[in-house]
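[1] I would like to see how this sequence folds:
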Amino acid sequence: MVLDHRKHKLSGGTTILARPLDGNDIVAVYAALPMGTLYEADEEAGISQLVQSVLPRGTERRSANAFQDRLAELGAELDASAGTDVGSVTLKATAATWEPAAELFLEALTEPAFAEDEVASEVEQTLGALEAREDELMTRALDLFREVFYGDHPYHKPAIGYRETVREVDRDQVLAAAHRFYRPTPRVVTAVGRFDIDRLLAMFESTLGPLPTGLPRARPPAAEPGGGTQRIALDRDAAYLVYGFPAPDYTHPDYPIARLVDAVLGGSMSSRLFIELREKRSLAYQVSTLYSDRLDGSFLAGYIVTDPDRVEEAARGLAAEFSRIVTEPIGADELSAAKHYLRGRFLLGVETNMAQASRLAAYEVYGLGHDFGDKWMAEVQAVTAAQVRAVVERWLTGSPTCAWVVRTGTPEFEL
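    Numbering: from 1, shown residues only. Next up is the predicted model:
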């Protein structure tokens, strides 16, 4: 579906993408800016998430409690987050309350307090979350995979950071990072829902217009993916295995085809990994794929959670399915099913106003064009089995990256 909208540039440089809709009474606002692990040094890992976690906790005018109480009075929700290369601040309100809610949104963006006690509280909560991650073995396997795959590229870090970096964060570091990332306002803000567009633009011009966005942030050089195998041995009742390859990025011509390959391999309960490794061979407690698609540095990986006594068999089964899609042509029915699956996921992914606001913001931040999704979906529908064969031969025949979290004493093996 084409996300028609009006594009407006504020006097300070912030881009506003406004999409008025009358289908419901919800208004979603989404501010996006370059931040995250890509823009962090290793010694400050996790600083982006800390900035975003503290940002909604009070402003220069209101304490954290007063700010949240006002949001509750309006029936509105405000949140902030950061991932690998984009951060966001989001607002969800109703058509009746969007104006006063948007004032709070703008207040959070331009007057965050970053109170010392709130920073300290968030550091403690993050340290607790990092400790809890020790028992999230699928997360640990994926973290290990990224460390091996990306090497010393910034993408190797988990967005939450490390205990040794997070425990050193204080208010001065948070303030410095916030100034660096926001400089001092987001570059892109999108709004979708039932609102008066002229009123919205006037509000944003009044608050954000006088504030310059600064020069565009340069992306660090693209990752040069590595390969190899690393393992963590623990006393656990299950093993977690990740096996993957570099994959096409958003702007690569092979991207739509690779998304189909992902769907065929692990996209659903009718995918090859699920049928072959779980249904037929009973090797998997869980099995699927992960396409970490990005502007650069993407990967396609399969993962399986298995019995610790069947680790080698499961790993070889995972590798065999990646090999089989290279050596055995994909059938017409399988290709058609994957196309229907992707189309359904794409359409369901823009059902809500916030999902549309998020997608518009991502396309703008990455410079993909507002019709990027419709273009690649049209390309997906035209893919042939021969194109799939050519793409898997290009991308899935090199040296894989493997990350194993296995039970202590599991014998070493090579694929």
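[2] Give me the distance between A361 and L71.
    Distance, A361 to L71, by C-beta to C-beta, to the nearest Å: 21 Å. Just so you know, the C-beta spots here come from the backbone N, C-alpha and C atoms, and that holds for glycine as well.
[3] would you list every one of the helices in the stretch 151-300 of the chain?
    163-166, 171-182, 197-208, 255-266, 272-273 (DSSP state H, counting those that start in this stretch).
[4] Next: the stretch 301-415 of the chain.
    311-327, 332-348, 353-365, 372-381, 385-395.
[5] Next, name the residue at the spatial heart of this protein.
    G83 (5.7 Å; C-alpha atoms, centre = their mean).
[6] Once you drop chain neighbours, what's closest to that residue?
    Once flanking residues are discounted, G83 sits nearest to G36: 5.1 Å by C-beta to C-beta, 6 or more residues apart in numbering.
[7] what's the one you found in contact with, if anything?
    48, 82-87, 159 (C-beta atoms under 8 Å, 6 or more residues apart in numbering).
[8] from memory V2 sits against F372, does it?
    No - checked against C-beta atoms under 8 Å, the pair V2 and F372 is beyond contact range at 10.9 Å.
[9] ok, Y255 - contacts?
    Contacts for Y255 (C-beta under 8 Å, 6+ apart) come out as 248-249, 293, 376.
[10] could I get these as TSV with neighbour count and pLDDT?
    Formatted as TSV, the contacts of Y255 follow (neighbours: other C-beta atoms under 10 Å; pLDDT from 0 to 100):
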residue	neighbour count	pLDDT
P248	21	97
D249	17	97
D293	18	94
W376	17	93
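[11] quick one: which of those is nearest to R140?
    Taking C-beta to C-beta as the measure, R140 lies nearest D293 of those, at 22.4 Å.
[12] Please name the nearest non-neighbouring residue to the closest one.
    Nearest one to D293, counting by C-beta to C-beta, 6+ apart, is Y250 at 6.3 Å.
[13] Tell me the spacing between the one you found and A361.
    Taken as C-beta to C-beta, the span from Y250 to A361 is 14 Å.
[14] The two - which one has more neighbours?
    Between Y250 and A361, counted using other C-beta atoms under 10 Å, the more crowded position is A361 (25 against 17).
[15] close enough to count as contact, the more buried one and L17?
    Yes - here A361 reaches L17: they are 7.2 Å apart, a contact under C-beta under 8 Å.
[16] Need the overlap of contacts for the two.
    Going by C-beta under 8 Å, 6+ apart, residues that sit against A361 and also against L17 are 188-190.
[17] Separate out the buried members of these.
    188-190 (16 or more other C-beta atoms under 10 Å).
[18] of all those, which comes closest to Y150?
    The closest of these to Y150 turns out to be V188 (C-beta to C-beta; 26.1 Å).
[19] all strands for the stretch 151-300 of the chain, in order.
    Along the stretch 151-300 of the chain, counting by DSSP state E, counting those that start in this stretch, strands occupy 188-193, 228-234, 239-246, 286-292, 299-306.
[20] okay, those strands, which one's buried deepest?
    strand 188-193 (a mean of 27; mean count of other C-beta atoms under 10 Å).
[21] partners of that one, with directions?
    Here strand 188-193 has these sheet partners by DSSP bridges: strand 15-20 (parallel), strand 26-33 (antiparallel).
[22] Just name the most buried of the ones you listed.
    strand 26-33 (a mean of 25).
[23] Can you get me the centre-to-centre distance for that strand and its chain?
    Relative to the centre of its chain, strand 26-33 is centred 16 Å away, using C-alpha atoms, centre = their mean, to the nearest Å.
[24] hmm, who's touching that strand?
    Against strand 26-33 from outside (C-beta under 8 Å, 6+ apart): 86-95, 98, 101-102, 105, 109, 181-182, 186-195, 352-354, 356-358, 360-362, 364-365.
[25] how close does the closest residue to P154 other than its chain neighbours get to R324?
    Sequence neighbours aside, L38 is the residue nearest to P154 in space, at 5.0 Å (criterion: C-beta to C-beta, 6+ apart). Using C-beta to C-beta, L38 is found at 34 Å from R324.
[26] More neighbours: these two, which one.
    Using other C-beta under 10 Å, the more surrounded residue of L38 and R324 is L38, with 23 against 13.
[27] Just to be sure, the more buried one is in a helix?
    Yes - under DSSP: H, G, I helix; E, B strand; the rest coil, L38 falls within a helix.
[28] Surely it and G83 touch.
    No - contact criterion C-beta under 8 Å: L38 and G83 do not qualify, at 9.3 Å.
[29] Quickly list what T306 is bridged to.
    Note on T306: beta-bridge partners A239, judged by DSSP bridges.
[30] Let me see the contact set for the nearest residue to A41 once chain neighbours are set aside.
    In space, and not counting its chain neighbours, A41 is closest to P154: 8.0 Å by C-beta to C-beta, 6+ apart. Contacts for P154 (C-beta under 8 Å, 6+ apart) come out as 37-42, 220.
[31] same question, R133
    Going by C-beta under 8 Å, 6+ apart, R133 touches 139-140, 143, 160.
[32] One more: E147?
    156, 230.
[33] quick one: it and A141, what's the gap?
    11 Å.
[34] likewise N65?
    39 Å.
[35] pLDDT weak spots in the stretch 101-250 of the chain?
    Judged by pLDDT under 70, the stretch 101-250 of the chain has its weakly predicted residues at 215.
[36] L368: how many residues sit nearby?
    As a burial measure, L368 scores 16 neighbours (other C-beta under 10 Å).
[37] Skip the chain neighbours and tell me the closest residue to it.
    With C-beta to C-beta, 6+ apart as the criterion, L368 has its nearest non-adjacent residue at 6.1 Å, and that residue is Y250.
[38] Give me the residues contacting stretch 276-290.
    With C-beta under 8 Å, 6+ apart as the criterion, stretch 276-290 contacts 138, 142, 238, 244, 262, 265-267, 271, 273-274, 300-307, 310, 313-314, 317-318, 321.
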